[in-house]
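Undergrad: based on what follows, work out the 3D shape:
(2 chains)
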Number of protein chains: 2
Amino acid sequence: MDIAVIGAYTTRFGELWGTSPRALAREAVGGALDDAKISKQSIDALYVGNMLSGILGGQEHLGAFFAEELNLSCPAYKVEGACASGGLAVHSAIAGVKSGQYRTVLVLGIEKMTDHTPEDVAIALMSAGSDEERVSGVTFPGLYAILARAHTEAYGTTEKQLASVSVKNHYHASLNPKAHFQKQINLNHVLESPRIADPLKLLDCSPISDGASAVIISQINMNKTKKIGNSENRLIQIIASAVATDTLGLAQRRSLTELSSTKKAGISALREAGISCREIDIAEVHDCFSIAEILAMEDLGFYEKGKAAKAIENGKTSLVSGGAIVVNPSGGLKACGHPAGATGVRQIAEIVEQLRGRCDKRQVKNARFGLAQNVGGSGATAVVHIFKSI
Amino acid sequence: MDIAVIGAYTTRFGELWGTSPRALAREAVGGALDDAKISKQSIDALYVGNMLSGILGGQEHLGAFFAEELNLSCPAYKVEGACASGGLAVHSAIAGVKSGQYRTVLVLGIEKMTDHTPEDVAIALMSAGSDEERVSGVTFPGLYAILARAHTEAYGTTEKQLASVSVKNHYHASLNPKAHFQKQINLNHVLESPRIADPLKLLDCSPISDGASAVIISQINMNKTKKIGNSENRLIQIIASAVATDTLGLAQRRSLTELSSTKKAGISALREAGISCREIDIAEVHDCFSIAEILAMEDLGFYEKGKAAKAIENGKTSLVSGGAIVVNPSGGLKACGHPAGATGVRQIAEIVEQLRGRCDKRQVKNARFGLAQNVGGSGATAVVHIFKSI
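TA: Reported below is the predicted structural model:
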């Protein structure tokens, strides 16, 4: 069965004090329906990706909640897998279509984080981690700092190389009108920003953001259909969707220089797609911290272990390089922003827009294959999707 | 594609002060694997149904959490849909198999509610409801009392008829060694118990329980396989799995004398199964309050509107009646207990055990078709599964 994304829309990401979750959902879903040129009546099921609404907002049952808000009378699901909730919701929606139950499904990734104090958000985010990590008081910057230190010890990764991830992603975000941060930064800005968890500094970390993103997925016949309805949009085929898990806590892992869940999900996705990672032109990867992008580039097979940091430092994955692959053209979690449950859907919306050639100043030229990698916790869940422009 | 339940196990339900969620999960999953006579290595994915772990326990990411606890290295998902989380997890697991992605999947429904104060649990449960209901301070007994009053006004349903649901279900639970309550009660016990939300009394309400239940679902060829591996267990075919949604709040509904989500899910499930509701021999329905069982019997089509209460009062749905259908042979949510995320899985485990003929004192004779109906909130989500003994 051929499956494609037929519509995609992302709201502005940022500290959206004046916008409610309901308004974010309406904007994202309305935008995706307009983009697909279909009506609500064509939607057979709704999948909502969200992480923190229960803990921070006291509202669970978000499938039915947003179905009601959006005036949809179809079955509705909420899928939660920490910061991979969005990617998992897309993956579950694909299973809904492939199972033959639904023809056209809507995925909404949404998170409203800034209505709460940063302390409350930091505690709530640790609901993604292990008991030992939570009781020891560690938070996510600390966990990723441990990964950064292990990587530095093993491969000599430098603080400047880490910083170069943020510089690149801020540059990309400066070309993305929906990004949380639209300001370019330089290496000194990162290196001189306050240390959060050594070696990670403030500007190595993604922000706490609000935002929503929606995609519409449908069963299609690729031989017959290149466009949907009256839409001028090209369809973007989903050629792989894979999930893998690992232990919640770092202490139980065999290696601290890789995320084995990303490796496993990446290998299965490439196998399902029937392509090698050399064919991927663009990737949106889960750069919640600068080290995470370096790990992703290696774990997905784009670079050998210990080689990604240097490549990023040398600009090989930047829009300006014209190299083999552009990574996080949206600005990534670091600079486009990271509303937890929205991120995995937003990554996919970005790949779709890139493969359609509609990304204006941040457009990657001649992109044919795109990959999105979404991570939950410090790698306990990883979701990898691969898309093809047809 | 033929799909069957090949293993099922439910822990004791009750106030399990001495048992951790980890221990409950190990017992349920170990029991289901032993029942199916397969090893962990055969499990291709884990689906966890849970409602309150985030709000009450600060732990989300339960897919990866329980995958680690159970030493499973497969993809893992958490599915949340309030008190329908368990049924939705089974439904999602079926989609995972039908999509061709997995062959054999494990579903764990689990909830640990008694570690928290009843007040905290009541507030947390309202995370399933609408904003207006939450801010007005109403809790679930109040919402179902509104439904009971509307039913009484429309059809003359009496408090004695409501009470007869609880009496029947306590009788069934008295034959179920895993039930939360194993004590028979009579109509006077119910009618004289404290009024919680008029007309519902304490003994019209299901309890707050701890417990876990697991089922293993696998793709099979029904023509070739009647048993799995070395197991003596008969396979139980899943012939329908349907979900429907409605508004979260009662105020937005057209009717208060039915749950339209149950009606919609029931109609689609019967259509998928290709049978009429007259062929169903046993049903596990979501009797969170006595009125809910009456609504379910009517909304699923077993009785015309306004006729179910009298039939239940006359013992037509009891084990002792030998009538056309036995309802809640386990004791139901009322007396078997209601650990929110576990309930939908436990209902299915009961149907499986009944169709296999392994229910000892509470065995329904010659049952061939069984139905399970699981509800989230006051009917915003409904999940219906139908099973066939082969």
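Undergrad: and A:Arg12, how many neighbours?
TA: By other C-beta atoms under 10 Å in any protein chain shown, 17 other residues sit near A:Arg12. C-beta here means a position set from N, CA and C on the backbone, and glycine is covered the same way.
Undergrad: and stretch A:367-385, end to end?
TA: With C-alpha to C-alpha, to the nearest Å as the measure, stretch A:367-385 spans 16 Å from end to end.
Undergrad: the helix or strand of chain A with the lowest mean pLDDT near chain B anywhere?
TA: Within chain A, no helix or strand scores below helix A:131-135, which has a mean of 90 by mean pLDDT, DSSP states H and E. Yes: Helix A:131-135 is in contact with chain B by C-beta under 8 Å from any C-beta of the partner chain, via A:131, A:134.
Undergrad: CA atoms of that helix as PDB?
TA: Taking Å, rounded to 0.1, in the frame of the first residue of the first chain, the C-alpha atoms of helix A:131-135 are listed here in PDB:
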ATOM      1  CA  ASP A 131      13.300   6.600  38.600                       C
ATOM      2  CA  GLU A 132      17.000   6.700  39.600                       C
ATOM      3  CA  GLU A 133      17.500   9.800  37.500                       C
ATOM      4  CA  ARG A 134      14.500  11.500  38.900                       C
ATOM      5  CA  VAL A 135      15.300  10.900  42.500                       C
END
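Undergrad: which helix or strand contains the closest residue to A:Ala124 other than its chain neighbours?
TA: Once flanking residues are discounted, A:Ala124 sits nearest to A:Ile55: 4.5 Å by C-beta to C-beta, 6 or more residues apart in numbering or on different chains. In this assignment (DSSP states H and E), A:Ile55 forms part of helix A:53-57.
Undergrad: okay, the very next helix or strand once past that helix in CSV with CA atoms only?
TA: Sequence-wise, the next helix or strand downstream of helix A:53-57 (DSSP H and E) is helix A:62-69. Provided in CSV are the C-alpha atoms of helix A:62-69 (Å, rounded to 0.1, in the frame of the first residue of the first chain):
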residue,chain,number,x,y,z
LEU,A,62,-6.6,14.6,24.4
GLY,A,63,-7.8,12.4,21.5
ALA,A,64,-11.5,13.1,22.4
PHE,A,65,-10.6,16.6,23.6
PHE,A,66,-9.2,17.8,20.3
ALA,A,67,-11.7,15.8,18.2
GLU,A,68,-14.4,17.9,20.0
GLU,A,69,-12.5,21.2,19.6
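Undergrad: which strands and helices sit next to the helix or strand following helix A:62-69?
TA: Using DSSP H and E, the helix or strand that follows helix A:62-69 towards the C-terminus is strand A:76-80. Of the remaining helices and strands, those touching strand A:76-80 by 3 or more C-beta pairs under 8 Å, 6 or more residues apart in numbering or on different chains; DSSP states H and E are strand A:45-49, helix A:62-69, helix A:85-98, strand B:76-80, strand B:236-245.
Undergrad: in a markdown table, list these along with mean pLDDT, distance to A:Ala340 and mean neighbour count.
TA: Conversion of the helices and strands packed on strand A:76-80 to a markdown table gives the following (pLDDT from 0 to 100; distance: least, C-beta to C-beta, whole Å; neighbours: other C-beta atoms under 10 Å in any protein chain shown):
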| stretch | mean pLDDT | distance to A:Ala340 | mean neighbour count |
| --- | --- | --- | --- |
| strand A:45-49 | 98 | 9 | 30 |
| helix A:62-69 | 97 | 13 | 28 |
| helix A:85-98 | 98 | 7 | 29 |
| strand B:76-80 | 96 | 14 | 31 |
| strand B:236-245 | 98 | 24 | 25 |
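Undergrad: got the ones you listed as TSV, with distance to B:Leu62 columns?
TA: Below are the helices and strands packed on strand A:76-80 laid out as TSV (distance: least, C-beta to C-beta, whole Å):
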stretch	distance to B:Leu62
strand A:45-49	15
helix A:62-69	16
helix A:85-98	12
strand B:76-80	4
strand B:236-245	20
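Undergrad: returning to what we had before: residue contacts, the residue nearest to A:Ala124?
TA: Going by C-beta atoms under 8 Å, 6 or more residues apart in numbering or on different chains, A:Ile55 touches A:124, A:127, B:54-55, B:58, B:60.
Undergrad: closest one to A:Gly357 out of those residues, please.
TA: Nearest to A:Gly357 among the contacts of A:Ile55: B:Glu60, at 37.5 Å, using C-beta to C-beta.
Undergrad: just want the residue of the stretch 251-390 of chain A that's nearest chain B.
TA: The minimum distance from the stretch 251-390 of chain A to chain B, using C-beta to the nearest C-beta, falls at A:Ala380 (3.7 Å).
Undergrad: now do the closest residue to that residue other than its chain neighbours against A:Thr245, distance only.
TA: Leaving aside its sequence neighbours, A:Ala380 sits nearest to B:Ala64 (C-beta to C-beta, 6+ apart; 3.7 Å). Remark: distance between B:Ala64 and A:Thr245 (C-beta to C-beta, to the nearest Å) = 5 Å.
Undergrad: and what about A:Ile3, helix, strand or coil?
TA: For A:Ile3, the assignment made with DSSP: H, G, I helix; E, B strand; the rest coil gives strand.
Undergrad: how about it, nearest residue that isn't a chain neighbour?
TA: Spatially, and ignoring its direct neighbours in sequence, A:Ile3 is nearest to A:Ile238 (4.8 Å; C-beta to C-beta, 6+ apart).
Undergrad: all helices of chain A, in order?
TA: With DSSP state H as the criterion, chain A has helices at A:21-36, A:53-57, A:62-69, A:85-98, A:118-125, A:131-135, A:140-155, A:159-173, A:187-191, A:260-273, A:290-299, A:308-313, A:332-336, A:340-356.
Undergrad: now the last one: buried residues?
TA: Translated: helix A:340-356. By neighbour count on 16 or more other C-beta atoms under 10 Å in any protein chain shown, the buried set for helix A:340-356 is A:340-356.
Undergrad: touching chain B at all, it?
TA: No: Helix A:340-356 stays clear of chain B (C-beta under 8 Å from any C-beta), getting no nearer than 10.0 Å.
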